[in-house]
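Okay, predicted coordinates and the sequence, questions at the end:
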Amino acid sequence: MGGVVIAGAGQAAVDTAAALRMGGFEGEITLIGDENVLPYSRPFLSKEFLSGKKAEAQIALRPQSFYDDNAVRLVLGQSVVSVDRPKQTVKLSEGEELRYTDLVLATGASTRQLPDPVLENASNVHYVRTLADAVPLRSELVAEARMCVIGGGYVGLEVAAVAREAGMSVTVIEAGPRLLARVAGVELAEFVTNLHRGAGVDVRLGMQAAAFRADGAGRAVEVTLANEDVLATDVVVVGIGIVPNAGLARDCGLEVADGVLVNEYCRTAEPHIYAVGDCTRHPCFERGGLRRLESISNASGQARVAASGILGQPAPYTSTPWFWSTQYKKTMRTVGLRNDSDKTIVRTRDGEFAAFYLAGDTIMAVDIVDSPRDFAAAKKLVAAKASRAPDVLADPDLPIPTLVE
Ligand SMILES: Cc1cc2nc3c(=O)[nH]c(=O)nc-3n(C[C@H](O)[C@H](O)[C@H](O)COP(=O)(O)OP(=O)(O)OC[C@H]3O[C@@H](n4cnc5c(N)ncnc54)[C@H](O)[C@@H]3O)c2cc1C
């Protein structure tokens, strides 16, 4: 067997290498990552790493011994700069050329930037994608200091929660009419909004940050809102989404449309080039069409699919998408796609929360707050496309695991 080269060294890359070895792949595996640190788990950056509960060494995806024991060559601090498809080689930023039998693009995504000259130059304006982003942000979490979070998506809200717990005064500015519009249903968004407001966060919905002012030292000190309110601030965090890193694919002639296009086997149009994780746009097996997902479950699921293809046992990607977010002491988990639903059934009692998204009586998606047991049951219900009557789903006296046949 020949060698597999993996461009990127995040979740999808490391899981591809692990799945290849688990599947008995005996050829060379080389992982190339442009960040100069042992591959780590990104979700911690806006949660336990930011709050100081976990140190850098505790967020590594795998210990160094995993790479040594499994003969996975890790090239860190270098990027793959080009792909030569006819020659089946990649070129690294320090000039090395590597031949591949199969190439896996696992290049992830970058933060969407808010174009503004103050934001571009100020040292107290932070985006959160990499460890190098999170380290300086962590040092700005100081009790009594003021933080403005631009964007009410999961990453911004997680940062807001950690900052609030650190005793900061926090304002979240969201342009849309509600939080989490892209990723969560109305009911869960409302639950999260109440969580933040209950914790003392000033959540401004339907509001845009119109202008920023820096002081003489180049720090952003004021945010002017569209309604002309002026917020004095010590730290600005921008969380307005991500852009897939698809330049490498585009430059070597592969098709890119808001992500590297792959089929259900995570293969590009070139049979020996796969793409996995946040950088891909892939077929949605539930509804048809193409979609892009930004989650650990997708990165890991696609990694297994690409590995199975390389191992000569191709299996299509048919995992039901799921996601989690932790804010304060609550963990919100979502499984499935709510877009096709025509009604939502919510059950709440004593701080418990579950929302079922139905198309007819078929459960398309479920949100659960906190209970991993309920969530495990919810995953089964969605995967089985189970039908349950709305009054059954709404009844908090019927534990969710009892609804699974
Ligand atoms: C702060 C934060 C919190 C999150 N929380 C959650 C959560 O709670 N739950 C959840 O499910 N998901 C969460 N996510 C999303 C999740 O982390 C991503 O979906 C996942 O990391 C995607 O993995 P990936 O390997 O595709 O991409 P990435 O993790 O982005 O890894 C890609 C790597 O490739 C590198 N790279 C890019 N181009 C090149 C190149 N040309 N050469 C070499 N290296 C290159 C990048 O620098 C990066 O290191 C969170 C993300 C962030 C940023």
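All right, it came through fine.

list the buried ones in the helix or strand where V75 lies?
Using DSSP states H and E, V75 sits within strand 72-76. Under the neighbour-count criterion of 16 or more other C-beta atoms under 10 Å, strand 72-76 has 72, 74-75 buried. Using the backbone N, CA and C atoms, a C-beta is placed for each residue, glycine as well.

This structure - how does it break down into domains?
Domain assignment for the chain by automatic domain parsing gives 4-110+243-310, 113-238, 329-403.

Could you list the low-pLDDT ranges of this structure?
Residues of the chain meeting the criterion pLDDT under 70: 1-2.

How about the residues of it by the ligand?
Residues of the chain that fall close to the ligand, judged by C-beta under 6 Å from any ligand atom: 7-13, 32-35, 42-43, 45-46, 79-80, 106-109, 128-129, 155, 245, 248, 277-279, 294-297, 299, 323-325.

mind running it again at 5 Å?
Counting by C-beta under 5 Å from any ligand atom, the chain comes close to the ligand at 7-8, 10-12, 32-35, 42-43, 45-46, 79-80, 106-108, 128-129, 155, 245, 248, 277-278, 294-296, 299, 323.

From the residues you listed, list just the buried residues.
Looks like the residues of the chain next to the ligand have 7-8, 10-12, 32-35, 42-43, 45-46, 79-80, 106-108, 128-129, 155, 245, 248, 277-278, 294-296, 299, 323 buried, using 16+ other C-beta under 10 Å.

Mind giving me the packing neighbours of the helix or strand just after the strand holding V75?
Counting by DSSP H and E, the next helix or strand C-terminal to strand 72-76 is strand 80-84. If contacts are counted by 3 or more C-beta pairs under 8 Å, 6 or more residues apart in numbering; DSSP states H and E, strand 80-84 sits against strand 4-7, strand 89-92, helix 247-251.

related to what we said a few turns ago, list of residues touching the strand holding V75?
Here strand 72-76 makes contact (C-beta atoms under 8 Å, 6 or more residues apart in numbering) with 9, 17, 21, 28-33, 35-39, 66-67, 92, 96.

Please apply the same query to stretch 86-93.
Counting by C-beta under 8 Å, 6+ apart, residues outside stretch 86-93 touching it are 5, 7, 32, 34, 75, 78-84, 97-101, 103, 272.

Count the neighbours of W324 for me.
17 (other C-beta atoms under 10 Å).

ditto for E405
E405, neighbours per other C-beta under 10 Å, totals 8.

what are the phi and psi values for the residue in the stretch 201-350 of the chain positioned nearest to the ligand?
Closest to the ligand within the stretch 201-350 of the chain is G277: 2.1 Å, counting by C-beta to the nearest ligand atom. Backbone dihedrals for G277, given as degrees, to the nearest 10, come out at phi 90, psi -160.

CA atoms of stretch 186-196 as CSV?
What follows is stretch 186-196, C-alpha atoms only, in CSV (Å, rounded to 0.1, in the frame of the first residue of the first chain):
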residue,chain,number,x,y,z
VAL,A,186,-37.0,29.2,18.1
GLU,A,187,-37.7,27.5,21.4
LEU,A,188,-34.2,26.5,22.1
ALA,A,189,-33.0,30.0,21.1
GLU,A,190,-35.5,31.4,23.6
PHE,A,191,-34.3,29.1,26.3
VAL,A,192,-30.7,30.2,25.7
THR,A,193,-31.7,33.9,25.6
ASN,A,194,-33.3,33.5,29.0
LEU,A,195,-30.3,31.7,30.3
HIS,A,196,-28.0,34.6,29.4
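
Just give me how far that stretch sits from the chain centre.
Relative to its parent chain, stretch 186-196 has a centroid offset of 20 Å by C-alpha atoms, centre = their mean, to the nearest Å.

for that stretch, which positions count as buried?
187-193, 195-196.

what's in contact with it?
157, 160-161, 164, 172, 178-181, 184, 203, 205, 327-328, 330, 332, 334, 344, 346, 353, 355, 367, 369.

Also stretch 318-331?
47, 154, 157-158, 160-161, 164-165, 183, 192, 195-196, 199, 264, 285-286, 293, 295, 297-298, 301, 332-337, 369-370, 379, 382-383.

do that again at 6 Å, thanks
Residues from elsewhere that reach stretch 318-331, judged by C-beta atoms under 6 Å, 6 or more residues apart in numbering: 47, 154, 157-158, 161, 285, 293, 295, 297, 301, 332-336, 369-370, 382-383.

Then stretch 171-183?
Here stretch 171-183 has contacts from 148-150, 152, 160, 189, 192-193, 201-209, 231, using C-beta under 6 Å, 6+ apart.

What about the residues you listed, which are in helices?
160, 189, 192-193 (DSSP state H).

Pull the most distant pair out of those.
Of all pairs drawn from the ones in helices among the contacts of stretch 171-183, the greatest distance, 14.2 Å, lies between A160 and A189 (C-beta to C-beta).

What residues sit buried inside the strand or helix carrying A134?
Applying DSSP H and E as the criterion places A134 in helix 131-138. By 16+ other C-beta under 10 Å, the buried positions in helix 131-138 come out as 131, 133-134, 137-138.

show me what contacts the residue of the stretch 101-250 of the chain at minimum distance from the ligand?
In the stretch 101-250 of the chain, the residue that lies nearest the ligand is G108 (2.1 Å; C-beta to the nearest ligand atom). For G108, the contact set (C-beta under 6 Å, 6+ apart) comprises 8, 10, 245, 278-279.

I'd assumed A143 was in contact with G167.
Yes: G167 is within contact range of A143, at 3.2 Å (criterion: C-beta atoms under 6 Å).
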